[in-house]
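Q: Next input, structure requested:
(chains A and B)
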Amino acid sequence: MLLTIRSLTKTFPGTRALDAVDFDLAAGEVHALLGENGAGKSTLIKCLTGAYHRDGGTITLDGAQIDPQSTVEAQEQGIGTVYQEVNLLPNLTVAQNLMFGREPRRWGLVDSRAMRAEARETLRPYGLDIDVDRDLGSYSVAIQQIVAIARAVALSGKVLILDEPTASLDAAEVRMVFDVVRGLRARGLGIVFVSHFLDQVFGLTDRITVLRNGRRIVTERTADLDRVKLIEHMLGRALEHEVAGQTAEPVASDRVPLLSFQNFGRRGVIEPYDLTIGRGEVVGLAGLLGSGRTETAELMFGVRTATQGEASDAKARLDLSSPRAAIAQGFGFVPEERKTDGIVAELSIRENVILGLQARRGWARPIPRSEQNRIADDYIKRLDIRTSGREKPIGELSGGNQQKAILARWLAMNPRFLILDEPTRGIDVGAHAEILRLIRELTEAGMSILVISSEIDELVAVANRVIVVRDRRHVAELAGARVTGDEIMRAIAAEEVAA
Amino acid sequence: MNTRALPLYATVVIFLLAYLLCWLQFPNILSTRVIGNLLTDNAYLGIVAVGMTLVILSGGIDLSVGSVIAFSGVFIAVILRETSLHPLVVFALLLALTTAFGAAMGFLIDRLAMPAFIVTLAGMFLARGAAYMLSIDSVPIAHPFYKTLQSAYWLMPGKGRLALIGVVMLLTVLAGMVVAHKTRFGASVYALGGGEATARLMGVRQGRTTMLVYAFSGLMAGLSGIVFSVYTGSGYSLATVGTELTAIAAVVIGGTLLTGGAGYMFGTLVGVLTMGLIQTYIVFDGTLSSWWTKIVIGVLLLVFILLQKGLLKLSRDRLGGQG
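A: Now for the predicted structure:
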């Protein structure tokens, strides 16, 4: 084995990111590393590249134990990495980027001619015949990515880690990069490939290792796995032929439609989709990480504007060109990244709760303090936010209580349509159940809700209807009795769903 | 062609066009006399702008240089008055001092992760205060060696005089070009200006590079102070107020991106000469107030900032079309 990792462990305050993970990489192999958000992929890679320092376990490269302290040191020992972005400097020429830090010198000065020649020589095996004197930034992302690979290989030469290298490439460019990767495999490099595009994983890799919750779930030859099995491993539930759990309520067709989106989409972000949302309905959005779930919601809320299609309610066409416009239409959005996009950690619960309401009124007309207190206390009680008082900084609350406070912010504005992106991420089991209960209560009161979740059980429990997203397209719509874990899994895994 | 080089070409074209216009009105402006004076009068500005170019390329800013020039003049004048040291020894002492001062600012900027703006602003007040402490009055320099320096010139064809300090400025620009474009240190400076995180991933030693950049700027400010003291024959603590801003203007007009990572040393020289040319034109005209210099420089700056924004957008759009 070229690279052997044994019982690698890494702990962060509160979580064990990696729990005794084993991983092997042979020379001349492309080995996929898969897992959902928080599975431990990036932690594993960062331990390999020296960005993190491991707490336990061994890493053996070419028979020798290594313990890199920095990415530069890892590179010197033979491990090079290419990330999704920020690899090289667009303001330097291709040659400067390739040769950075090891420029050929004559009399102490950089020998530009020799540097150009060496850069061209470095690129030759990749079939890339470009002007190395031009700025890297003037080339397409695919070429930049290949140049990054060339630099990483030239510097390290044993192990190449590709961390989502194709996320911003189109199909032809992906083929171009893959040809390069296959060439390197033939030259005997060991390549670790991280991606959430399963087609690419099956098209390129020799073996697959799946991580989940910081543990290694399985390592198998790619040829021995199929999509369904792989997704079972990733999501951690078996596909059984029985109807799991009870579904919320029957079909949506008898509901009064509240909103409808027609041919709504944005090029390169999400394919146009049609979606009607009924009054008091919970629509679930399922799919793997990176499939286009969040993008669907962002388009609805004007975080990104749709380039085509339109949204309308019973009366008129809706302007959703910005979050502000969407809020004016009675929309609400609880984002996935609660800490960065949701709470204002230093402000109190009261201030966080009234933030949206106050923004809508305009800052010139402050909400009277007594009114603020009333609203905050009301929601603290209604949503059962556990706190010593309304003036406590929200950052000091637990994740579940923070989430409830963010919900309160939107509920105070009385929206007709609420989007919840991963509403239960990172919160404990008790709060989890309460939030699901809250969703049901709200819809009984007539609010319509869109829930995005990686947890299929959660969707089955609350959603009347589930839209499945795959490869930036809405591929299936399941309603009523068909909202089952089984059916959702099949749709995600791209198996034909029986009519 | 690299879009990065476009501002440089624009600078050169604007300078040549401006010169052509001046020449059409005052044919005398195209003479070695005028060119010699242009170089002599702007020598101190050109030298300090070389240091500023490197700082701006690295993504930083150095507001202390104007005060450091004034401090240098007073330091030299007072030491020469009080002691019998030879001026060359005093120059060496001064350069060591200003270089260390720059290095200290660079160290703080890196270690404390403080904005360069605020650290060098503190440096600006410190250096100006130190100059006042040495002397409040203008101190004349009467050393015979200074007379030699001031009268040293090379007679160009057409009776133009290329003074020693003009030559020093041209040599400094040359040295700046070598440092910026021909050394690994220079490449690290461009890398830092292009993106700190990426630069670190590529192996740039950020702390060392930052410190060296500001040390270089301090050295240039000291050298500029020497040249200025030769030019004026005195040291005065109230001199060169706002020169740091003039230097920044010259760098930007010279085509260097104010956010760092793109630009050329040679452009800075053209930027300095463009500003000098405007002043020369006003002298030739005789009726215009010298305030017009500032107004034209203001307009030029605005044009260059817009040009750079436009170029950035252009290259982004082109990438977007491909990607």
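
Q: which residues does residue 34 contact?
A: Let's take chain A. Contact analysis of residue A:34 by CB atoms under 8 Å, 6 or more residues apart in numbering or on different chains lists A:41, A:194, A:195, A:196, A:201, A:208, A:209, A:210, A:211, A:230, A:234. (C-beta placed from N, C-alpha, C; glycine too.)

Q: Chain B, not that one
A: Contacts for residue B:34 (CB under 8 Å, 6+ apart) come out as B:28, B:160, B:280.

Q: just residue B:194 next, same as before
A: When contacts are counted by CB under 8 Å, 6+ apart, residue B:194 touches A:89, A:90, A:91, A:92, B:260, B:261, B:262.

Q: Surely the fourth one touches residue A:134?
A: No. In this structure, residue A:92 is not within contact of residue A:134 by CB atoms under 8 Å, at 10.4 Å.

Q: out of these two, which sits in the more crowded spot?
A: Ranked by neighbour count (other CB atoms under 10 Å in any protein chain shown), residue A:92 and residue A:134 place residue A:92 first, with 25 against 16.

Q: ok, back up a step: now go through the contacts of residue A:34 and say which are in helices.
A: Among the contacts of residue A:34, the members falling in helices (DSSP state H) are A:41, A:201, A:230, A:234.

Q: Can you name the two of these that sit furthest apart?
A: A:41 and A:230 (14.5 Å; CB to CB).

Q: got the residue ranges for the strands in the stretch 1-150 of chain A?
A: In the stretch 1-150 of chain A, the segments counted as strands under DSSP state E, counting those that start in this stretch are A:3-12, A:15-25, A:29-34, A:56-61, A:64-65, A:79-82, A:105-106, A:109-110.

Q: Would you mind giving those strands as a markdown table with mean pLDDT and distance to residue B:266 added?
A: Shown next, in a markdown table, are the strands of the stretch 1-150 of chain A (pLDDT from 0 to 100; distance: least, CB to CB, whole Å):
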| stretch | mean pLDDT | distance to residue B:266 |
| --- | --- | --- |
| strand A:3-12 | 88 | 48 |
| strand A:15-25 | 87 | 49 |
| strand A:29-34 | 92 | 47 |
| strand A:56-61 | 89 | 46 |
| strand A:64-65 | 88 | 49 |
| strand A:79-82 | 89 | 35 |
| strand A:105-106 | 88 | 22 |
| strand A:109-110 | 90 | 17 |
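
Q: Roughly how far does the residue sitting furthest away from the middle of chain A sit from residue B:188?
A: Distance to the chain centre peaks in chain A at residue A:107, reaching 49.5 Å (criterion: CA atoms, centre = their mean). With distances taken as CB to CB, to the nearest Å, residue A:107 is found 19 Å from residue B:188.

Q: ok so, going back, nearest to residue B:47, of the contacts of residue A:34?
A: The closest of the contacts of residue A:34, once distances to residue B:47 are taken by CB to CB, is residue A:194, at 50.8 Å.

Q: In chain B, where's the longest helix?
A: Chain B, longest helix under DSSP H: helix B:291-322.

Q: Mind giving me the packing neighbours of that one?
A: For helix B:291-322, the elements it packs on are helix B:6-25, helix B:243-253, helix B:265-285, judged by 3 or more CB pairs under 8 Å, 6 or more residues apart in numbering or on different chains; DSSP states H and E.

Q: Return the residues of the stretch 1-150 of chain A in contact with chain B.
A: For the stretch 1-150 of chain A, the residues in contact with chain B (CB under 8 Å from any CB of the partner chain) are A:71-72, A:75, A:86-93, A:96, A:100-101, A:103, A:105, A:108-110, A:112, A:133-135, A:137-138, A:140-141.

Q: hmm, which of those residues are the buried ones?
A: When the residues of the stretch 1-150 of chain A next to chain B are checked for burial by 16 or more other CB atoms under 10 Å in any protein chain shown, the buried set is A:71-72, A:75, A:87-93, A:96, A:100-101, A:103, A:110, A:112, A:134-135, A:137-138, A:140-141.

Q: Isn't residue A:111 up against residue A:117?
A: No. Assessed by CB under 8 Å, residue A:111 is found out of contact with residue A:117, at 9.4 Å.

Q: Which positions within the helix or strand that contains residue B:217 qualify as buried?
A: Assigned by DSSP states H and E, residue B:217 belongs to helix B:206-232. Across helix B:206-232, burial judged by 16+ other CB under 10 Å covers B:206, B:209-232.

Q: quick one: buried residues of the helix or strand of chain B with the lowest mean pLDDT?
A: Lowest mean confidence among the helices and strands of chain B (mean pLDDT, DSSP states H and E): helix B:291-322, at a mean of 73. By neighbour count with 16+ other CB under 10 Å, helix B:291-322 contains the buried residues B:293, B:296, B:297, B:300, B:301, B:304, B:307, B:308, B:311, B:315, B:319.

Q: how about a markdown table for those, with distance to residue A:35 added?
A: Converted to a markdown table, the buried residues of helix B:291-322 look like this (distance: CB to CB, whole Å):
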| residue | distance to residue A:35 |
| --- | --- |
| B:293 | 64 |
| B:296 | 61 |
| B:297 | 58 |
| B:300 | 56 |
| B:301 | 52 |
| B:304 | 49 |
| B:307 | 47 |
| B:308 | 43 |
| B:311 | 42 |
| B:315 | 37 |
| B:319 | 31 |
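
Q: low-confidence ranges in chain B?
A: B:1-2, B:312, B:315-323 (pLDDT under 70).

Q: again, only using 80
A: By pLDDT under 80, the low-scoring segments of chain B are B:1-5, B:290, B:304-305, B:307-323.

Q: just to revisit the earlier point, the residues of the stretch 1-150 of chain A next to chain B in helices, which ones?
A: Among the residues of the stretch 1-150 of chain A next to chain B, the ones falling in helices (DSSP H) are A:71, A:72, A:75, A:96, A:112, A:141.

Q: Number of residues surrounding residue B:25?
A: By other CB under 10 Å, 11 other residues sit near residue B:25.

Q: Can you tell me how far it is from residue B:281?
A: For residue B:25, the distance to residue B:281 equals 8 Å [CB to CB].

Q: go on, residue B:140?
A: 32 Å.

Q: More neighbours: the two, which one.
A: Under the criterion of other CB under 10 Å, the comparison of residue B:140 against residue B:281 puts residue B:281 first, with 20 against 14.

Q: Next, the contact list for the residue nearest to the more buried one when sequence neighbours are not counted, please.
A: Of all residues not flanking residue B:281 in the chain, residue B:22 sits nearest, at 5.1 Å (CB to CB, 6 or more residues apart in numbering or on different chains). Counting by CB under 8 Å, 6+ apart, residue B:22 makes contact with B:29, B:277, B:280, B:281, B:284.
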